[in-house]
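**Student:** Below are the sequence and a predicted model; questions follow.
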Amino acid sequence: MFTIQDITIHSSAEVSNEARIGIGTKLWHQAQIREGAQIGEHCIIGKGVYIDFDVQIGNNVKIQNYASIYHGSTVEDGAFIGPYACLTNDKLPRAITPEGNPKGDADWEVGKITVKYGAAVGTGAIILPDVIIGRFALVGAGAIVTKDVPDYALVVGNPAQVVGYVCKHGHRLQGNQEGQETTWYCRICKETYQLPWSVE
């Protein structure tokens, strides 16, 4: 373990000289950070995490052990990526072209993923390309996300479906519908939320 300019990097981590790491960030055992990756300030990058080239990671992000975040992904400030989660980038994966040649960069189009501010992706979840995980949304453990997740939504299953909404702390929200409007509130933190969804 060593520290350079207020960045803590375990001796077994592999960090490209072309990556940018913000102050206060800690990289743990066997993490790999590819060229062009940008990681913000005060992040925690756990053991065995793989961050592909040009991936963008915001400030105060926590990425747990053995998560994989591939090229085309953006993780905004304050997001959480659980252990063994995978953010993918190819909807049509093939090792070869139809002619049998190895695929190169020109033979595929990168799919993009954005994990918005404060969102959390649970243990072992898989996020497919061209998906946005909304602000403070919560992706349940083992979910396979194939489409956008609304802000504050709780999604579970394969394919992941919205089963409720959560507060900024991650507690399940309760809905109180009056006419055409629903007020969502948390019984634990006592906060209320005006969200554009009615009680299901």
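**Tutor:** Thanks, I have the structure now.

**Student:** for the protein, which spans come out with low pLDDT?
**Tutor:** Applying pLDDT under 70 to the chain flags residues 1-5, 179-180, 197-200.

**Student:** any idea how it splits into domains?
**Tutor:** The chain resolves into domains spanning 2-166, 168-200 when parsed by automatic domain parsing.

**Student:** Redo these as a markdown table? Include mean neighbour count.
**Tutor:** No exception for glycine: its C-beta is placed from N, CA and C like everyone else's. Putting the domains of the chain into a markdown table (neighbours: other Cβ atoms under 10 Å) gives the following:
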| stretch | mean neighbour count |
| --- | --- |
| domain 2-166 | 18 |
| domain 168-200 | 13 |
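
**Student:** For E109, give me phi and psi.
**Tutor:** Here is the backbone geometry of E109 (degrees, to the nearest 10): phi -120, psi 120.

**Student:** quick one, what contacts E35?
**Tutor:** If you count contacts by Cβ atoms under 8 Å, 6 or more residues apart in numbering, E35 has them with S16, N17, E18, A19, F53, D54.

**Student:** how about a cut-off of 7 Å?
**Tutor:** S16, E18, A19, F53 (Cβ atoms under 7 Å, 6 or more residues apart in numbering).

**Student:** what separates the first one from I39, distance-wise?
**Tutor:** S16 sits 11 Å away from I39, taking Cβ to Cβ, to the nearest Å as the criterion.

**Student:** again, but for the last one
**Tutor:** The spacing between F53 and I39, counted by Cβ to Cβ, is 13 Å.

**Student:** follow-up on the earlier one: between S16 and I39, which contacts overlap?
**Tutor:** With Cβ under 7 Å, 6+ apart as the test, S16 and I39 both reach I33.

**Student:** and I133, what are its bridge partners?
**Tutor:** In this entry, I133 is beta-bridged to V115, V149, by DSSP bridges.
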